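S.K.: model the following, please.
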Amino acid sequence: MVVLAVQSGSATASPTQQAGAAAVPLSASARAAAIKSAQADAASTAQELGLGAQEKLVVRDVVKDANGTVHTRYERTYAGLPVLGGDLVTHVARNGDLKGVNKASKARISVASTDAAVSAATAKKSALAAASDGVSATARKVVWAAGAKPVLAYESVVKGRQHDGTPSELHVVADAATGKKLYSYEAIDTGTGTSQYSGTVTLGTTASASGGFDLIDGGRGGHKTYDLNGGTSGTGTLFHDADDAWGNGTVANRQTAAVDAAYGAAVTWDFYKSAFNRSGIAGDGKAAYSRVHYGNAYVNAFWNDSCFCMTYGDGAGNADPLTSLDVAGHEMSHGLTAATAGLKYTRESGGLNEATSDIFGTSVEFFANNAADPGDYLIGEKIDINGDGTPLRYMDKPSKDGGSADSWSRTVGRLDVHYSSGPANHFFYLLSEGSGAKTINGVSYNSPTSNGSTVTGIGRTKAYQIWYKALTTYFTSSTDYAAARTATLQAASDLYGASSPERSAVAAAWSGVNVN
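M.R.: This is a model prediction of the structure:
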């Protein structure tokens, strides 16, 4: 019996950073205390920002830098109603001075009335009609601030199934005066992948009181791995083993998929902890959980923020469980984005959301340093979803997949978010490795630039530090490519200095994908 279970990742040495620019690691209790303290001061903060009398701030997160700068992320309410697209981040120096604010919307939040002409029942009915296979719906009154002018609206959440069997949580925002749909998005983030690529690894398990062992990783927030056994709801059965020797590397053994899922969750946890001093996806020390053997011949994997869990199907013919390392890192990184910037899953912000998952999924794969699956800048290279051995996406030249954009244009936001992610993926590759031809871990790359320039990379570690800093302290839900450029330039300045080669490289990499 082959013992499959988390190989210790080997982290690259931390790059030289400016003293105090990196975030200070906070324990779960310290983070909770920081949020409570910020909430106590929220009214005075709202007044200092010049918000209206009916607006209130609700603290979502607090990030403290070693130099004393505090970045506080807020949601807003108006007359007691949630404001969608009203999120903002304040940046306060050690001496209490406000250094700056990043707002998802520059509009002043105000509506003529909070009385709706359309009823909640009508909003739910319309949302159900808009869903392909809706089963139930809920609706709440909100202020929609992501458009040009804030309006009173309903946000309906329709639960059901997508066409391929994936659970659906379709959010539909409709004008409360006319019933006209303003916006919609699918809250279940999906991706594809296969398992059994990680070889022999070591798992975190827990001795069971009744004897044997449970697949509970007590060293990483208590992550649990469950067997749905073909089901599509609930958690199924927690994996248990008599001798702590899990799986045998074949699909015939039900534990094998669980091993790959638990391994992916553990490496992702270890990467966040090693690279960013982040304890868990949400930064609160709590683990997500994983479910394998979802449905019948389900060819997908997905992250669901509402259950804070990862779910994997068994692939076509139930022959290839979709539990590969890069898929695990990609999908769980959607949870990171949800816990921080909350990038809307549409147009340019949706492309940046997908690119964030590609960036950190790729970084997780490199971090694992696993000989069975060496790090690369190819997305889904193991799954052969195209049937010809090609990957799903290429970070060095995204257009090689036949749909992604290599660089920014005014039409990028019209693409599917997996394709509008191309310019950001290309930026990350250029920032990490530079332009031109090269071979890394046996894979050949040849990355062009839109302006014909030559870009010199600063290394992957510095590149993902800059992206993480921008994501967690400067991005908002509506960040587009232009705002991402500004945010990453600021992050590079924070970490390495305003006149640093790293900041210059960020500017050059963005210019290389036509974001100027």
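
S.K.: OK, contacts around Gly52?
M.R.: Neighbour list for Gly52: Tyr78, Arg108, Ile109, Ser110 [criterion: CB atoms under 8 Å, 6 or more residues apart in numbering]. Just so you know, the C-beta spots here come from the backbone N, C-alpha and C atoms, and that holds for glycine as well.

S.K.: okay, helices next: where are they in the stretch 351-500 of the chain?
M.R.: For the stretch 351-500 of the chain, the helices defined by DSSP state H, counting those that start in this stretch cover 417-420, 422-433, 460-473, 481-496.

S.K.: pull the residues that contact the first one.
M.R.: Read that as helix 417-420. 345-348, 350-351, 353-354, 393, 398, 401, 403-405, 412-414.

S.K.: kindly report the same for the longest one.
M.R.: Defining contact as CB under 8 Å, 6+ apart, one finds that helix 481-496 is touched by 15-18, 21-22, 65, 102, 348, 351-352, 408, 412, 423-424, 462, 465-467, 469-470, 473-476, 479, 500, 502-503, 505-507, 510, 515-516.

S.K.: still on that earlier bit, need the contacts of Gly52 in TSV (columns: neighbour count).
M.R.: Listed next are the contacts of Gly52 as TSV, based on neighbours: other CB atoms under 10 Å:
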residue	neighbour count
Tyr78	22
Arg108	12
Ile109	19
Ser110	14
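
S.K.: and the two most separated of the residues you listed?
M.R.: Tyr78 and Arg108 (10.4 Å; CB to CB).

S.K.: next, count neighbours for the residue nearest to Asp61 when sequence neighbours are not counted.
M.R.: Nearest residue to Asp61, sequence neighbours excluded (CB to CB, 6 or more residues apart in numbering): Arg73, at 4.4 Å. For Arg73, the count of nearby residues is 25 (other CB atoms under 10 Å).

S.K.: ok, now which ones touch Arg73?
M.R.: Counting by CB under 8 Å, 6+ apart, Arg73 touches Val59, Arg60, Asp61, Val62, Val63, Asp87, Leu88, Val89, Thr340.

S.K.: out of the residues you listed, who's nearest Ala137?
M.R.: Nearest member of these to Ala137, counting by CB to CB, is Asp87, at 24.6 Å.

S.K.: of the contacts of helix 417-420, buried ones?
M.R.: 345-348, 350-351, 353-354, 393, 398, 401, 404-405, 412-413 (16 or more other CB atoms under 10 Å).

S.K.: among those, which are located in strands?
M.R.: Arg393 (DSSP state E).

S.K.: now flag whichever of the buried ones among the contacts of helix 417-420 is closest to Gly199.
M.R.: Closest to Gly199 out of the buried ones among the contacts of helix 417-420 is Arg393 (24.2 Å), distances taken as CB to CB.

S.K.: ok so, going back, which strand or helix spans the residue nearest to Asp61?
M.R.: Assigned by DSSP states H and E, Arg73 belongs to strand 70-78.

S.K.: just the mean pLDDT for that strand, thanks.
M.R.: Computed over strand 70-78, the mean pLDDT rounds to 95.

S.K.: list the neighbouring strands of it plus their orientation.
M.R.: strand 55-64 (antiparallel), strand 81-92 (antiparallel) (DSSP bridges).

S.K.: got TSV for these, with mean neighbour count and mean pLDDT too?
M.R.: Shown next, in TSV, are these (neighbours: other CB atoms under 10 Å; pLDDT from 0 to 100):
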stretch	mean neighbour count	mean pLDDT
strand 55-64	19	94
strand 81-92	22	95
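
S.K.: what subset of the contacts of helix 481-496 is buried?
M.R.: Using 16+ other CB under 10 Å, the buried ones in the contacts of helix 481-496 are 17-18, 21-22, 65, 102, 348, 351-352, 408, 412, 423-424, 462, 465-467, 469-470, 473-476, 479, 500, 502-503, 505-506, 510, 515.

S.K.: assign Glu155 to helix, strand or coil.
M.R.: strand (DSSP: H, G, I helix; E, B strand; the rest coil).

S.K.: that one: how many residues sit nearby?
M.R.: Neighbours around Glu155, by other CB under 10 Å: 21.

S.K.: just checking, it touches Val173?
M.R.: Yes. Glu155 lies in contact with Val173 (CB atoms under 8 Å); the separation is 5.2 Å.

S.K.: what touches both of those two?
M.R.: Leu84, Val142, Trp144.

S.K.: what angle do the strand holding Arg73 and helix 460-473 make?
M.R.: 40 degrees (axes from the mean of the first three to the mean of the last three CA atoms, to 10 degrees).

S.K.: only C-alpha atoms, please: export strand 70-78 in PDB.
M.R.: Output of strand 70-78 as PDB, limited to C-alpha atoms (Å, rounded to 0.1, in the frame of the first residue of the first chain):
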ATOM      1  CA  VAL A  70      -3.300  50.400   8.900                       C
ATOM      2  CA  HIS A  71      -5.400  49.400   5.900                       C
ATOM      3  CA  THR A  72      -9.100  48.900   6.800                       C
ATOM      4  CA  ARG A  73     -11.600  47.500   4.400                       C
ATOM      5  CA  TYR A  74     -15.200  48.600   4.700                       C
ATOM      6  CA  GLU A  75     -18.600  47.800   3.300                       C
ATOM      7  CA  ARG A  76     -21.200  50.500   3.400                       C
ATOM      8  CA  THR A  77     -24.900  50.700   4.300                       C
ATOM      9  CA  TYR A  78     -27.400  53.400   3.400                       C
END
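
S.K.: in the strand or helix carrying Arg140, which residues are buried?
M.R.: Applying DSSP H and E as the criterion places Arg140 in strand 134-144. Buried residues in strand 134-144, counting neighbours by 16+ other CB under 10 Å, are found at Gly134, Ala137, Ala139, Lys141, Val142, Val143, Trp144.

S.K.: that strand pairs with which strands, and in what direction?
M.R.: strand 81-92 (parallel), strand 151-161 (antiparallel).

S.K.: outside of it, which residues touch it?
M.R.: Contacts of strand 134-144 (CB under 8 Å, 6+ apart): 78, 81-86, 109, 111, 114, 116, 120-121, 123-125, 127-128, 131, 150-161, 168, 170, 173, 175-176, 182-183.

S.K.: ok now that strand, how far from the chain's centre?
M.R.: Its chain's average C-alpha position is 24 Å from that of strand 134-144, according to CA atoms, centre = their mean, to the nearest Å.

S.K.: which residues are in contact with Lys99?
M.R.: Neighbours of Lys99 in contact, by CB under 8 Å, 6+ apart: Thr69, His91, Val92, Ala93.

S.K.: burial of the last one, as a residue count?
M.R.: Under the neighbour criterion other CB under 10 Å, Ala93 is assigned a count of 14.
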